[in-house]
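K.L.:
take a look and give me a structure for this.
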Amino acid sequence: MTIRTEMIAQRPAPDQTIGALAWLRANLFSGPVNSVFTLLGLYLLYLLVAPTVQWAIIDADWVGTSRDDCSREGACWVFVKMRFTQFIYGLYPREELWRVNIVFASFAVLVAWLAIPRLPFKRWVAVVTLLPFPVCAFFVLYGGVLGLPLVETHQWGGLMLTLILAVVGMVAALPIGILLALGRRSQMPIVKSFCVVFIEFWRGVPLITVLFMASVMLPLFLPSGFGVDRLVRALIGITLFQSAYMAEVIRGGLQAIPKGQEEAAAALGMNYWMRMGLIVLPQALKMMIPGIVNTFISLFKDTTLVMIIGLFDLLGIVQAALSDSRWLGFSLEGYVFAGMMFWIFCFSMSRYSQYLERKLNTGHKN
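P.N.:
Just a heads-up that it's a prediction; the model follows:
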């Protein structure tokens, strides 16, 4: 018997186990039943996709300035092109659009700085994003200072207003939700009772009712001559409403943390806020990333309800444009555009949450 003393040369994997054909064979055509369902699914997909592509791209009209330039055989994207500025900025004065662009470009830079790994000074950038930036952004958009013309909030609209409502609601609802979740688990009866009543009240009322009350009823309870801007009232209502849902999401994460974690921190001499801030909350928030992002996505879509109080967000400004007699009959194009914009932002949030889960090992995988 001969004993081999040298290593066998490395050989490539069999052709049938690697590549696109191998993936198709393993996942889509692994047996007769899977093959039938795959072919049926491809046929149904063809029935749906082919007419959509034909209408939205091949037969669509892209160039023109009026409805007369649309052939009616496909989508009339001329309508979206001519109304694009209004869809993005609402009724904001055209000569002042640079202010909106500066604000959102700065916000995009700050968010990218926080999201991209290995960039320095993240703590300071986070402080700037949460504290001075919102104040500066408001004065730049609203004006009335440093020689900037005043632009009333009733002129804000479109995607700009949608992003303002969503971002402010997300940033404000998260810390309030954390405090409410901690309060609901508190051993102090007054604090716990207040948080329970607050959470259950706001969770039991539809958001559309909250917005209506904030817009119509709240001014009746304010002192004479004391007014609150309609946009501010909507932001307060959205924030309080979403903070109640956020509190329950975070409370679920807190209850998933073993009690021994907090007991071990207490044994080391940490007080309550140190135990929560350094030990319990980081683990709970990491575990609840899917739930938190799901609440954020729901908030982003719920901003469309501000139409009932006369604020024209992206969907509202699209619907207002559809009432123009010069563009009657192109509602589908407008709704498709609005839907695509909402999908882009919601899908981006979903993908980033999955990235955070993988980065932080939220699943606690080995």
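
K.L.:
every contact and neighbour count from this point should use C-alpha atoms.
P.N.:
Will do.

K.L.:
for burial, what's the neighbour tally of Asp59?
P.N.:
When neighbours are defined as other CA atoms under 10 Å, Asp59 has 15 of them.

K.L.:
which helices and strands sit right next to the host helix or strand of Val232?
P.N.:
Per DSSP states H and E: Val232 is located in helix 230-256. Applying 3 or more CA pairs under 8 Å, 6 or more residues apart in numbering; DSSP states H and E, we find helix 230-256 packed against helix 158-184, helix 189-203, helix 207-212, helix 281-287, helix 289-302.

K.L.:
which one of those lies closest to Ile236?
P.N.:
Ranking the helices and strands packed on helix 230-256 by distance to Ile236, with CA to CA as the measure, places helix 158-184 first at 8.2 Å.

K.L.:
so which of the helices and strands packed on helix 230-256 gets nearest Ile317?
P.N.:
The nearest among the helices and strands packed on helix 230-256, by CA to CA, is helix 158-184 at 5.7 Å.

K.L.:
next, the angle from that closest one to helix 189-203.
P.N.:
Per axes from the mean of the first three to the mean of the last three CA atoms, to 10 degrees, the angle that helix 158-184 makes with helix 189-203 is 150 degrees.

K.L.:
which strands and helices sit next to helix 158-184?
P.N.:
Right, helix 158-184 is packed against helix 84-89, helix 189-203, helix 230-256, helix 289-302, helix 314-322 by 3+ CA pairs under 8 Å, 6+ apart.

K.L.:
run the chain-centre distance for the helix holding Val232.
P.N.:
14 Å (CA atoms, centre = their mean, to the nearest Å).

K.L.:
next, the buried residues of the helix or strand just after it.
P.N.:
Next helix or strand after helix 230-256 toward the C-terminus (DSSP H and E): helix 259-267. For helix 259-267, the neighbour count (16 or more other CA atoms under 10 Å) marks Glu262, Ala265 as buried.

K.L.:
put the alpha carbons of helix 259-267 into PDB.
P.N.:
Extracted as PDB, the C-alpha positions of helix 259-267 are listed here (Å, rounded to 0.1, in the frame of the first residue of the first chain):
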ATOM      1  CA  LYS A 259     -33.100  41.000  34.800                       C
ATOM      2  CA  GLY A 260     -29.700  39.800  35.700                       C
ATOM      3  CA  GLN A 261     -28.200  42.500  33.500                       C
ATOM      4  CA  GLU A 262     -29.600  45.300  35.600                       C
ATOM      5  CA  GLU A 263     -28.900  43.400  38.800                       C
ATOM      6  CA  ALA A 264     -25.200  43.000  37.800                       C
ATOM      7  CA  ALA A 265     -25.000  46.700  37.000                       C
ATOM      8  CA  ALA A 266     -26.500  47.500  40.400                       C
ATOM      9  CA  ALA A 267     -24.000  45.200  42.100                       C
END
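
K.L.:
got a list of contacts for that helix?
P.N.:
Here helix 259-267 makes contact (CA atoms under 8 Å, 6 or more residues apart in numbering) with Tyr272, Arg275, Met276, Ile279, Val280.

K.L.:
now the residue most central in space within the chain, nearest residue through space, not along the chain?
P.N.:
Centrality entry for the chain: nearest residue to the mean C-alpha point is Ile297, 4.1 Å, by CA atoms, centre = their mean. In this structure, Ile297 finds its nearest non-sequential neighbour in Cys346, 5.8 Å apart by CA to CA, 6 or more residues apart in numbering.

K.L.:
any idea how far Thr129 is from that neighbour?
P.N.:
With distances taken as CA to CA, to the nearest Å, Cys346 is found 21 Å from Thr129.

K.L.:
can you give me the buried ones in the longest helix anywhere in the chain?
P.N.:
Looking across the chain with DSSP state H, the single longest helix is helix 331-360. Buried residues in helix 331-360, counted by 16+ other CA under 10 Å: 331, 333-335, 337-338, 342, 346, 349-350, 353-354, 357.

K.L.:
pLDDT score assigned to the residue nearest to the centre of the chain?
P.N.:
The score at Ile297 is 93. That number is its pLDDT.

K.L.:
got the buried residues for stretch 99-115?
P.N.:
Arg99, Val100, Val103, Phe107, Leu110, Trp113, Leu114.
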